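Novice: would you be able to build a 3D model of this:
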Amino acid sequence: MTIIKDAYMRLYQNLSNNENFVDKMNDPLFYLYSFDNFIRYLEIKSFDSASIGTFFLSFFMNGDTQIFDTYFSGDSDKDDSNFRYMLKYTDEHLGKLEEEFKIRPMSMPMLCKPGEWGINKYGGYLTNKIVKEGFTIGTKVHAHKFTNENIIYETLNNLNSIPFQVNNLLLGYLKGEGKYLIKKSNIDLEPLAIKRTLKIAEFFSDVDKFYLPHSVDLRSRIYCNPYYLNYQSDSLNSSLVQFSDGKALDENGLYYLYIYGANIHGENGIGKLEYSKRIDWVTKNKDKILKLDRKFIILK
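Specialist: As a prediction, the model looks like this:
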């Protein structure tokens, strides 16, 4: 069924590139191209889909081609409504995936400035001069248009020109004495994803600066394109990124840094108290914070 859906989406995408696509959306006959009608057209029955799925599952769960093990979710009673058969990679195959895992360049930061956006200019990753993808993300099946794209161009170009670098002080700490932080934190990442992130950070650790290309959605919300080492990602990835050209904080900056410090520690609900009490809490515990006191850090 996944293969069938892929074929359908390719058909739908080709249709969506048609200039009259939005107009056709209002035509009742156009819904011939709904997925349900597409399945009826191919005369595929549910039994056929299940049979195909069962074949591939058995193929990948037995003998030399096995890559999955099964386990049960919920009660072992098969009559229980919460009972589920679950699949997971075998330990052997998971090890192979780790060895052979390849990361797309377009999910990484750039070592040079991203290409500039403009009228008839495709920015971001350098390959986009050839691929020519727009600056918006999400579905292309819509009738929305930006009334002033120049503002979007200027915003993206400014953000894309900001240099970042790896926080090597934190990276070194996490790889050494601070390994407990990853184990004790609430990072919602699989062990392989954590290992991969640290490896990528190590790869970029000798680089003075790198850049993050951005995109926007139809509401003009900004998104970082790279999956790794960006300030919008999970707590591990975002913590390993800092500005390449830093500036000393003034009193106003320190004020909000203290508040943020109390928020992320959260001892006894300190992050919900008034600002003055949060600042007092940071001031009181400043020495422990600077010394990276282990007992203090994991105390919540």
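Novice: pLDDT (mean, whole number) over stretch 195-204?
Specialist: Across stretch 195-204, pLDDT averages out at 93.
Novice: look at residue 91 and report its pLDDT.
Specialist: Reported pLDDT for residue 91: 78.
Novice: next one: it from residue 97, what distance?
Specialist: Residue 91 is 11 Å from residue 97, where distance means Cβ to Cβ, to the nearest Å. Placement of C-beta: from N, CA and C, glycine included.
Novice: look at the two and report which has more neighbours.
Specialist: residue 97 (12 against 8; other Cβ atoms under 10 Å).
Novice: what helix or strand is residue 94 on?
Specialist: Under the criterion of DSSP states H and E, residue 94 resides in helix 91-100.
Novice: what sits up against that helix?
Specialist: 66, 67, 68, 89, 192, 195 (Cβ atoms under 8 Å, 6 or more residues apart in numbering).
Novice: mind checking which of those residues are buried?
Specialist: For the contacts of helix 91-100, a neighbour count by 16 or more other Cβ atoms under 10 Å gives the buried set as residue 67.
Novice: just the contacts of helix 91-100: which are in strands?
Specialist: Taking DSSP state E, the ones among the contacts of helix 91-100 that sit in strands are 68, 89.
Novice: of the contacts of helix 91-100, which is the nearest to residue 180?
Specialist: Nearest to residue 180 out of these is residue 195 (Cβ to Cβ; 16.1 Å).
Novice: strands of the stretch 151-300 of the chain, residue ranges please.
Specialist: 164-166, 214-216, 222-224, 241-243 (DSSP state E, counting those that start in this stretch).
Novice: of all those strands, which lies closest to residue 270?
Specialist: strand 241-243 (24.9 Å).
Novice: what's the average pLDDT for that closest one?
Specialist: 96.
Novice: which one of the strands of the stretch 151-300 of the chain lies closest to residue 204?
Specialist: strand 164-166 (5.0 Å).
Novice: what helices or strands is that closest one leaning on?
Specialist: With contacts taken as 3 or more Cβ pairs under 8 Å, 6 or more residues apart in numbering; DSSP states H and E, strand 164-166 sits against helix 191-204, strand 241-243.
Novice: nearest to residue 56, out of those?
Specialist: Nearest to residue 56 among these is helix 191-204 (24.0 Å), distances taken as Cβ to Cβ.
Novice: so what touches the closest one?
Specialist: Contacts with helix 191-204, where a contact means Cβ under 8 Å, 6+ apart, come from 94, 97-98, 101, 103, 108-109, 165-166, 171, 174-175, 182, 187, 189, 210, 228-229, 236-237, 240.
Novice: how does it look with 10 Å?
Specialist: Residues from elsewhere that reach helix 191-204 (Cβ atoms under 10 Å, 6 or more residues apart in numbering): 94-95, 97-98, 101, 103, 107-109, 111, 164-168, 170-172, 174-175, 182-183, 187, 189-190, 210, 226-229, 233-234, 236-237, 239-241.
Novice: quick one: neighbours of residue 228, just the number.
Specialist: Residue 228 has 21 neighbours, counted by other Cβ under 10 Å.
Novice: likewise residue 204?
Specialist: 21.
Novice: coming back round to it: tell me the one among the contacts of helix 91-100 nearest to residue 251.
Specialist: The closest of these to residue 251 turns out to be residue 195 (Cβ to Cβ; 40.5 Å).
Novice: which is the succeeding secondary structure element to the helix holding residue 94?
Specialist: helix 128-131.
Novice: which residues does residue 107 contact?
Specialist: Going by Cβ under 10 Å, 6+ apart, residue 107 touches 200, 225, 226, 227, 228, 229, 230.
Novice: now do the buried residues in stretch 125-139.
Specialist: For stretch 125-139, using 16+ other Cβ under 10 Å, the buried residues are 125, 126, 128, 135, 136.
Novice: hang on, the earlier thing: filter the contacts of helix 191-204 down to the buried ones, ChimeraX style.
Specialist: Filtering the contacts of helix 191-204 down to the buried ones (16+ other Cβ under 10 Å) takes a single ChimeraX command:
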select :108,109,164,165,166,167,170,171,174,182,187,189,210,226,227,228,229,233,236,237,239,240,241
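Novice: ok, now how distant is residue 117 from residue 149?
Specialist: Remark: distance between residue 117 and residue 149 (Cβ to Cβ) = 9 Å.
Novice: who has more neighbours, the two?
Specialist: Comparing residue 117 with residue 149 by neighbour count (other Cβ under 10 Å), the higher total belongs to residue 117, at 24 against 14.
Novice: residue contacts, the more buried one?
Specialist: Residue 117 makes contact with 123-124, 128, 134-135, 149-150, 152-157, 160, 213-215 under the criterion Cβ under 10 Å, 6+ apart.
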